[in-house]
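> With the sequence up front, the predicted model follows.
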Amino acid sequence: MSSLAIQHSFGAKNISTGYEEKLILKDLNMEIPAGKFSVIIGPNGCGKSTLLKSFARLLQPKQGNVLLDGKSIYELPTQLLARHIGLLPQSPTVPAGITVADLVARGRFPYQTMFGQLKKEDYEAIAMAMDAMGVSELADQPVDSLSGGQRQRVWIALVLAQDTDILLLDEPTTYLDIAYQVEILDCLAALNRMKQTTIVAILHDINLSIRYADHIFAMKKGNLVAEGNPKEIITPELMREIYGMESTILTDPQTGDPYVIPRSVVK
Amino acid sequence: MKHIAEENLKQILDRQNRRATLCVILLAVIVLLLGCGMLMFGNTNYSMAEVWSYLLGKGSGSGAYAIGSVRLPKLVVGGLAGFAFGVSGYTFQSLLRNPLASPDIIGVTAGSSAAAVFCILILGISGAVASGFAVVAGLGVTGVILLLSGRGKAFGSRMILIGIGFQAMLNALISWMLLKGSEYDVGTALRWLRGSLNSVQMSDVPVTLVVTVITAGLLFYCNRYLQMMQLGDEYATALGVPIQETRICCLLAALILSATATSVTGPIASVAFLSGPIAGRIAPGSRKTMALSGLVGVILVYGAELVSKNVFSTSYPVGVITGLLGAPYLLLLLLNLNKKGEKSA
């Protein structure tokens, strides 16, 4: 886990996908900047989660492809892919009675062979992931006894233990109070800085998105509307276009980032 | 940030593993003791030394018959069936993530049982052909249930409800066939509706043994995938588990396993349903729950058989006793599910 992440070219090429008959993404192109912290924003139902699911091979595109270094992710061996791309899903289930250490250890699955015992590097990765998320004290606690915030940190520790070059996170901060949100995003930002892990997260809080993202993708109705550095693309016009909302944009006195104050919804 | 030493981590992970291994050994010892009990106690009680000499073929007369031709087949077939029901029940429950989803609740074993009754009583065929037929019928019933359950969110609950309906229907069909075949004595009827070891023979052993070894072996092979799938389909996929293949492979293997056992002993009530949850209680969160479930299944069958033969003046089929255990647990489970439902509503 000490080594730097490999910088892959990764993205969606003309993908159209959805559930059953309904198309949610229509001919979408997206190139994820390697080694950067990217955030996808957009209103509910705009296809953010669908896109992340396509990236993680949970949903096969009806057309187009998801490419990792020019190869379709559907043609790569599953276990190999799981060493490159990790996912924090929105609602995982906790196996009954499992301890924190055991749950985080499951992140090492892609590196294990049939009867493989955990090796030294596995223990290292698990310990580092638990330290990074601050759940080391909880190692022998059952996960079902933890609070929501602690549990979410344990789940993130699991994907950190997976030690992938690319990390996809579907709303990693939902249901958490503001301090927990900042704490988790700080951890992810630190991971991105230290290991140059490529991070793609879906966030609902626009101002936190601006603060942590190197690159923002703004989506609406299954299409990519704008992308780029938050300082450049966050404007009242964009807010109106994707959310249908009037807003005032201030400048954060400390960081110089834009700060969005929602005003009224355009009827 | 507090640092966790790798040594500590290793200790914590090993501790749980060791505990589970200890549980496996403990349950195996209980199985062994109950197994000895099965050979020793019954209408006539024999000492271990007598049992041993009969097993080695040294004695003769009623004792040799009682042990060699009655108790030994019960021991072997009962053990295999208990293990089969335990492992397949656990597999169904963890694949569908629902404690109600065991093959004896959702009508899979009832389908196999109906097919076995049809073969044995109506067609007059038994043995491997009847087992084969029972497996096909179990697959067929499951296929129909799956087809009727449709797709989408409430798939699991729909499948269970439809399965319970099928079970009621198939049990009625079994009763009807028993009447038609003019074999409606209580013993036979109970065997095919609740399960019994009373008519098992040594000739049942080879097919049951081979199928159990192959299918249970396959399930133990897939266990590491099953463990990962407990995290939910999304995590499992992202961690590199081939979930579709695992699901199909495990369902098929568990189905064949429980159908084969059913074709020999009948659907021994509640063993498949109870074993997994009991094993889960013994070693929470362990990866050895599958093996533990199999052992718990054997213990339930042996224990129930011993109780039925030695405690009551009438010797009830084993399924009647295990069924008695299953009923209160089912009630408890439904009450708990109801409470959960109220909370989340």
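Okay, I see it. Residues are numbered from 1 along each chain as shown, chains lettered A, B, ... in the order given.
> all contacts plus neighbour counts: C-alpha atoms, from now on.
OK.
> From one end of stretch B:38-46 to the other, what's the distance?
10 Å (CA to CA, to the nearest Å).
> try stretch B:258-272
Start to finish, the residues bounding stretch B:258-272 are 9 Å apart (CA to CA).
> cool, stretch A:63-76 as well?
Rule used - CA to CA; the end-to-end distance of stretch A:63-76 is 18 Å.
> same for the lengthiest helix in chain B, what does it pack against?
Identified as the longest helix of chain B according to DSSP state H is helix B:6-40. For helix B:6-40, the packing partners by 3 or more CA pairs under 8 Å, 6 or more residues apart in numbering or on different chains; DSSP states H and E come out as helix A:100-105, helix A:120-132, helix B:48-55, helix B:72-95, helix B:289-310.
> Let's see the very next helix or strand once past the fourth one as CSV, backbone CA atoms only.
Which is helix B:72-95. Moving toward the C-terminus from helix B:72-95, the next helix or strand (DSSP states H and E) is helix B:108-117. What follows is helix B:108-117, C-alpha atoms only, in CSV (Å, rounded to 0.1, in the frame of the first residue of the first chain):
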residue,chain,number,x,y,z
VAL,B,108,-38.1,-27.4,-3.2
THR,B,109,-37.9,-30.6,-1.0
ALA,B,110,-41.6,-31.0,-1.2
GLY,B,111,-41.2,-31.2,-5.0
SER,B,112,-38.5,-33.8,-4.7
SER,B,113,-40.6,-35.7,-2.2
ALA,B,114,-43.6,-35.7,-4.5
ALA,B,115,-41.5,-37.1,-7.3
ALA,B,116,-40.0,-39.8,-5.1
VAL,B,117,-43.5,-40.8,-3.9
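> could you give the mean pLDDT of the helix or strand following helix B:108-117?
Scanning forward in sequence from helix B:108-117 by DSSP H and E, the next helix or strand is helix B:128-149. Here helix B:128-149 scores 86 as its mean pLDDT.
> Buried residues in helix B:128-149, which are they?
Within helix B:128-149, the residues scored as buried using 16 or more other CA atoms under 10 Å in any protein chain shown are B:128, B:130-139, B:141-142, B:145-146, B:149.
> A:Lys13 sits in which helix or strand?
Assigned by DSSP H and E, A:Lys13 falls within strand A:10-19.
> before we move on, the earlier item: from the chain's centre, how far out does the longest helix of chain B sit?
Centroid separation for helix B:6-40 versus its chain: 20 Å, with CA atoms, centre = their mean, to the nearest Å.
> next one: stretch B:26-43
With CA atoms, centre = their mean as the basis, stretch B:26-43 stands 18 Å off its chain's centre.
> what residues does it touch?
The list of residues contacting stretch B:26-43 from outside it, by CA atoms under 8 Å, 6 or more residues apart in numbering or on different chains, reads B:46-48, B:51, B:67, B:71-72, B:75, B:292, B:295-296, B:298-299, B:302-303, B:305-306, B:309-310.
> ditto for stretch B:211-227
Residues outside stretch B:211-227 that contact it (CA under 8 Å, 6+ apart): B:80, B:84, B:87, B:91, B:94-95, B:241-243, B:246, B:250, B:253-254, B:256-257, B:260, B:287, B:290.
> Buried among those residues? Make that a ChimeraX selection.
The buried residues among the contacts of stretch B:211-227 can be selected in ChimeraX (16+ other CA under 10 Å) with this line:
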select /B:80,84,87,91,94,95,241,242,243,246,250,253,254,256,257,260,287,290
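> Check which residues of stretch A:167-179 are buried.
Neighbour-count burial for stretch A:167-179, counted by 16+ other CA under 10 Å, picks out A:167-174.
> Excluding chain neighbours, what is closest to residue 90?
If you meant another chain, say so; for now it's chain A. Ranked by CA to CA, 6 or more residues apart in numbering or on different chains and with sequence neighbours excluded, the top spatial neighbour of A:Gln90 is A:Asp170, at 5.5 Å.
> I was after chain B.
Residue nearest to B:Tyr90 in three dimensions, not counting chain neighbours: B:Gly276, with 4.6 Å by CA to CA, 6+ apart.
> Test my guess that that neighbour contacts B:Thr289.
Yes. If you go by CA atoms under 8 Å, B:Gly276 and B:Thr289 touch, sitting 7.3 Å apart.
> So which of the two has more stuff around it?
Between B:Gly276 and B:Thr289, B:Gly276 has the larger neighbour count (other CA atoms under 10 Å in any protein chain shown), namely 31 against 27.
> do you know how far that one is from B:Gly78?
For B:Gly276, the distance to B:Gly78 (CA to CA) stands at 18 Å.
> before we move on, the earlier item: what's the ChimeraX syntax to select whichever of the contacts of stretch B:26-43 are buried?
A single ChimeraX command is used to select the members of those judged buried by 16+ other CA under 10 Å:
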select /B:46,51,67,71,72,75,292,295,296,298,299,302,303,305,306,309
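> now the helix or strand hosting B:Ile321, how far from the centre of its chain.
Assigned by DSSP H and E, B:Ile321 falls within helix B:318-344. On the basis of CA atoms, centre = their mean, helix B:318-344 sits 17 Å off its chain's mean C-alpha point.
> One more: stretch A:218-232?
16 Å.
> And it, what's buried?
A:218-224, A:227, A:230-231.
> what does it contact?
A:24-30, A:40-43, A:45-48, A:210, A:213-217, A:233, A:238, A:242, A:257-258.
> Equivalent analysis for stretch A:42-54, please.
Residues outside stretch A:42-54 that contact it (CA under 8 Å, 6+ apart): A:17-18, A:24-25, A:40-41, A:59-61, A:66, A:168, A:170, A:202, A:204, A:218-223, A:242-243.
> Straight-line length of stretch A:90-99, end to end?
Stretch A:90-99 has an end-to-end distance of 20 Å (CA to CA).
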